[in-house]
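**Student:** 3D, please:
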Amino acid sequence: MKLHRLVFILVFCVFGLSATAQTANELKRKKEAIQREIEQLQKNLSKTSNGKKLTLQQINALNAQIRLRQDKIGTINSEIKNLDNQISQNTNTVHTLQGQLGDLKKEYAGMIRFAQRNRNSYDKMMFIFAARDFNQAYKRIKYLQQFSQYRKKQAGYIENTQRDLNGKIVILDRTLKEKSTLLRDQEKEKERLGKDKNEQAAALNQLSKQEKQFKRDIATKKKQEAQMDRAIKLAIQRAIEEERRRVAEEARRRAAEEARIAAAKAKAENRPAPAAAPAAKAKTNSELLTATPESAKLSAGFENNRGRLPYPVATGTITQHFGVHKVDQASMNNEGIDITTAEGSSVRAVFEGDVFMVNLIYGQYFVVIKHGDYFTVYKNLRSVSVNKGDKVSTKQTIGTVANTGDVAELHFEVMRGMNKLNPEAWISK
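**Tutor:** Down below sits the predicted model:
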């Protein structure tokens with residue numbers, strides 16, 4: 001029974017530590033990814049910090065860097081908690097193994113004392129002949145045979161348990177060192193977070209001195225965004241109206257043909273011509289945009305990949321999220337997300353579809369890709385490598401990102417018909 005308990009404890013610990021190791025690896029990968037984003041932001045900020053004029057991109061990058069630093073500290077806390085669980089498990093295992101080892105040694109010592117008392121053949125023969133009958137004598141012979149084998153096994157159990165105990169002590173020691181290292185990293189990150197917040201405070205103080213210029217910059221950006229949005233919505237509206245006319249014309253032709261056939265049949269049967277069929281119910285914008293089987297399939301595919309679409313750039317950090325944002329006294333409604341990335345980064349389609357629109361406004365290209373009744377919008381491109389009407393595949397390069405205020409920043413939107421959706425609900429985490 002004790003051996004079974006020991007085996008159960010060891011199996012439980014192996015599976016428990018395996019699951020913990022998996023979590024530890026995931027946390028390590030997450031921490032490394034956050035660090036890469038922080039380094040990219042710092043690289044961009046170092047380029048812009050020498051400029052006298054503060055930009056919205058700098059403010060957003062500083063805010064994003066603080067968020068990432070806080071995420072990294074949170075990840076380190078999770079790693080420490082994970083290590084604490086490992087330390088607790090390993091400590092309990094060490095104590096259990098020490099107890100098992102003590103019990104095994106006691107049992108083995110008892111066997112040695114018994115063997116010492118019955119070490120010669122005469123004593124063994126006397127032990128057998130002292131049996132009250134043949135059956136008991138036979139059992140005693142078998143006992144003496146098995147006793148020798150069991151004693152050897154017991155010695156093996158002691159050796160294995162001692163080896164497992166030593167291994168767990170080594171792991172425990174290594175885990176404690178890892179925790180110590182993580183605690184030092186945590187303190188360094190907290191120190192860096194404090195510096196980031198001081199830098200943010202200095203930037204906001206500088207912003208208050210440049211308030212008028214900053215408000216003008218935001219007003220200019222709003223104007224540019226509004227012009228691009230009008231162009232996109234007009235193009236979508238035209239596509240809807242063209243489809244509506246096509247559907248109406250097709251319905252009219254079909255109704256006329258059906259009426260002609262019905263009138264001819266009625267004349268042949270010498271009865272009055274039937275009344276015209278009632279007009280079909282008007283289709284919604286979504287139904288018009290998915291009128292063809294290909295468009296309907298694209299729309300369903302896009303919707304089924306909600307939360308799993310790739311980023312529109314290979315690496316980057318969201319520096320401004322969807323919704324209304326206020327910086328000092330100026331506010332702005334972001335109808336997409338802004339992703340800061342490396343200079344010259346390729347912009348890629350997040351899903352297969354048809355290039356619906358390619359346009360150039362204020363020296364910036366923007367591309368719209370149609371996925372049934374869904375659209376993805378890619379703004380602030382320096383160059384484009386697709387044309388209207390092209391079919392694109394998932395992750396296909398469609399252009400390169402331009403610099404805004406010395407920062408490479410892509411503006412990305414997701415639309416369903418005319419409605420703007422939060423892109424973060426659609427792209428992979």
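
**Student:** could you check the pLDDT of residue 8?
**Tutor:** Here the pLDDT value assigned to residue 8 is 49.

**Student:** then residue 354?
**Tutor:** On the pLDDT scale, residue 354 is placed at 94.

**Student:** over to residue 103?
**Tutor:** Note for residue 103: predicted pLDDT of 69.

**Student:** ok, now the one 5 residues further on?
**Tutor:** Reported pLDDT at residue 108 in the predicted model: 61.

**Student:** helix or strand for residue 231, which one?
**Tutor:** Using DSSP states H and E, residue 231 sits in helix 211-268.

**Student:** now do the following helix or strand past that helix: which elements does it pack against?
**Tutor:** Counting by DSSP H and E, the element after helix 211-268 in chain order, helix or strand, is helix 285-289. Applying 3 or more Cβ pairs under 8 Å, 6 or more residues apart in numbering; DSSP states H and E, we find helix 285-289 packed against helix 211-268. (Glycine included, C-beta is placed from N, CA and C.)

**Student:** would you list the phi and psi of residue 320?
**Tutor:** Backbone torsions of residue 320, given as degrees, to the nearest 10, read phi -140, psi 130.

**Student:** in the sheet, who's paired with the nearest residue to it once chain neighbours are set aside?
**Tutor:** The shortest distance from residue 320 to any non-neighbouring residue, by Cβ to Cβ, 6 or more residues apart in numbering, is to residue 338 (4.0 Å). Judged by DSSP bridges, the bridge partners of residue 338 are residue 320, residue 411.

**Student:** which ones are touching residue 338?
**Tutor:** Each residue near residue 338 by Cβ atoms under 8 Å, 6 or more residues apart in numbering is listed here: 60, 318-320, 409-412.

**Student:** and if you look at residue 91?
**Tutor:** Residue 91 makes contacts with residue 172, as judged by Cβ under 8 Å, 6+ apart.

**Student:** tell me which element it falls in.
**Tutor:** Using DSSP H and E, residue 91 sits in helix 56-117.

**Student:** and if you look at residue 354?
**Tutor:** Here residue 354, judged by DSSP H and E, is contained in strand 353-361.

**Student:** which outside residues touch the helix or strand following that strand?
**Tutor:** Where DSSP H and E defines the elements, the next helix or strand beyond strand 353-361 is strand 364-371. Contact with strand 364-371 is made by 224, 228, 232, 235, 289, 295, 298-299, 301-302, 347, 349, 351-359, 375-384, 386, 392, 398-399, 402, as judged by Cβ under 8 Å, 6+ apart.

**Student:** please pick the buried ones from those.
**Tutor:** For those, a burial check counting by 16 or more other Cβ atoms under 10 Å picks out 224, 228, 232, 235, 289, 295, 298-299, 301-302, 347, 349, 351-359, 375-382, 384, 386, 392, 398-399, 402.
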